[in-house]
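Q: pasting the structure only:
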């Protein structure tokens, strides 16, 4: 048995970087079981040792939102039912329109964007800090499962502070334009 998931989408082909405003207080960690876990441990009551990590965010600018949505649409339009049949997906007839069945799991019900994955994303701050309304630079990629669900996964979250207007005004005041001549 391998823990490596079979996927069509590769991180190196679907990399994306964008700025966001985090909407979750922390990175959620939820236990999960896979069919392979049940086979290994036996029965339906087996305890899994894997987790799904997730958090919600809003893209910081329209450009960030547009770049993310364009990547997802490009990936959806570039896939075929045959690609998913090769992974063991079923219920894919030759006449199916890929955009009709490909699910986008990079949004939640409240219209926030969501990252969800089977590994803990790396942060540049202590994980116990409150993340809500923090600005972040996110490095991530898209992955799929055998049924056509597309997930946004995060490799690294770089939390940063937006300079305030007062700080910007102080920086501008400290520059002596006469010295440049």
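A: Structure received. None of the values given here were measured: they were computed from a predicted structure. Numbering: from 1, shown residues only.
Q: ranges for the helices of this protein?
A: Using DSSP state H, the helices of the chain run over residues 35-41, 62-78, 81-85, 98-101, 165-173.
Q: quick one: find the helix or strand in this protein with the lowest mean pLDDT.
A: One helix or strand of the chain scores below all others by mean pLDDT, DSSP states H and E: helix 98-101, with a mean of 47.
Q: circling back: between the helices of the chain, which gets the lowest average pLDDT?
A: Confidence, taken as mean pLDDT, is least for helix 98-101 of the helices of the chain (a mean of 47).
Q: shaky segments in the protein?
A: The model of the chain has pLDDT under 70 over residues 1-6, 34-48, 80-110, 146-148, 163-181.
Q: mind running it again at 90?
A: 1-13, 30-52, 69, 72-119, 126-129, 143-151, 161-181 (pLDDT under 90).
Q: for it, what spans make up the strands?
A: 16-22, 28-32, 50-59, 113-117, 122-123, 135-144, 150-160 (DSSP state E).
Q: tell me which of the ones you listed sits nearest to residue 77.
A: Nearest of the strands of the chain to residue 77, taken as C-beta to C-beta: strand 150-160 at 11.8 Å. Every C-beta, even on glycine, is put in place using the N, C-alpha and C of the backbone.
Q: the strands of the chain: which one's closest to residue 79?
A: strand 135-144 (7.8 Å).
Q: buried residues, the closest one. List them.
A: Judged by neighbour count (16 or more other C-beta atoms under 10 Å), strand 135-144 contains these buried residues: 136-138, 140-144.
Q: now do that strand against strand 50-59, angle only.
A: 130 degrees (axes from the mean of the first three to the mean of the last three C-alpha atoms, to 10 degrees).
Q: show me what strand 135-144 is packed up against.
A: Judged by 3 or more C-beta pairs under 8 Å, 6 or more residues apart in numbering; DSSP states H and E, the packing partners of strand 135-144 are strand 16-22, helix 62-78, strand 113-117, strand 150-160.
Q: and the closest residue to residue 75 other than its chain neighbours, how far from residue 11?
A: Of all residues not flanking residue 75 in the chain, residue 142 sits nearest, at 5.7 Å (C-beta to C-beta, 6 or more residues apart in numbering). Residue 142 is 8 Å from residue 11, where distance means C-beta to C-beta, to the nearest Å.
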